[in-house]
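Visitor: Let me see the structure of the following:
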Amino acid sequence: EDTGNINSMTSNHHFNGFFFDDTIHYYCSKTSYSGSGSWPRGNYCIMRYGSSCPSGFSSGSIYWDDEDSYNMNGKGGYVPSGTYGSNTRINYCCRSDGSASSYISLPTTDPFYLMRYTSTICQRVSGMTVREEIITTDDEDTSNNNSVSGSHPKVTGTSNHRLYYCYYS
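Guide: The predicted model follows:
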């Protein structure tokens, strides 16, 4: 939204991009399968890449009704599965077959993000420190059609979305 924009995010965040009235958000996406084993049980979401979720996850999406006037949406490179036009839909994969309070094992060589699902806390990951980082997007003010469907990360707000990311380092 351009008029009276109230986009906001956690200070000292770890996101890559430019965050002002118009937001440019860069994603680091894993585009090929590597490693061994399966994703561990827990209570978290990941951004979907490709046509389906890994085993054990359920699919869903979040839809942003973006600015109607002077919309500057665009995309390039590798992005999460979704629809990127004058409005934005991003697809997610979520699971709730374990407790966010229980530690899960994931690779610890590089920092990464998971997203909160149905829990009030971020999923615990062995060997990692976690910090919640929140992004609030000021979406279209007139006849807003924001929506969610299926299994999606925790989001609050209806005409403006607030998402809860968990940064692991």
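Visitor: quick one: low-confidence ranges for the chain?
Guide: 1-2, 5-11, 15-22, 138-139 (pLDDT under 70).
Visitor: all strands of it, in order?
Guide: In the chain, strands defined by DSSP state E lie at 8-9, 16-19, 23-26, 43-47, 58-64, 82-84, 88-96, 112-115, 130-138, 147-150, 155-156, 160-168, listed in chain order.
Visitor: Just name the most buried of those strands.
Guide: strand 43-47 (a mean of 24; mean count of other Cβ atoms under 10 Å). Any C-beta I mention is one placed from the backbone N, CA and C, and that applies to glycine too.
Visitor: so what does that one touch, helix or strand wise?
Guide: Strand 43-47 makes packing contacts with strand 88-96, strand 112-115 when contacts are defined by 3 or more Cβ pairs under 8 Å, 6 or more residues apart in numbering; DSSP states H and E.
Visitor: on that earlier part again, make a markdown table out of the strands of the chain and add distance to C122.
Guide: Compiled in a markdown table, the strands of the chain are given as follows (distance: least, Cβ to Cβ, whole Å):
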| stretch | distance to C122 |
| --- | --- |
| strand 8-9 | 16 |
| strand 16-19 | 20 |
| strand 23-26 | 20 |
| strand 43-47 | 8 |
| strand 58-64 | 18 |
| strand 82-84 | 23 |
| strand 88-96 | 14 |
| strand 112-115 | 7 |
| strand 130-138 | 5 |
| strand 147-150 | 20 |
| strand 155-156 | 15 |
| strand 160-168 | 3 |
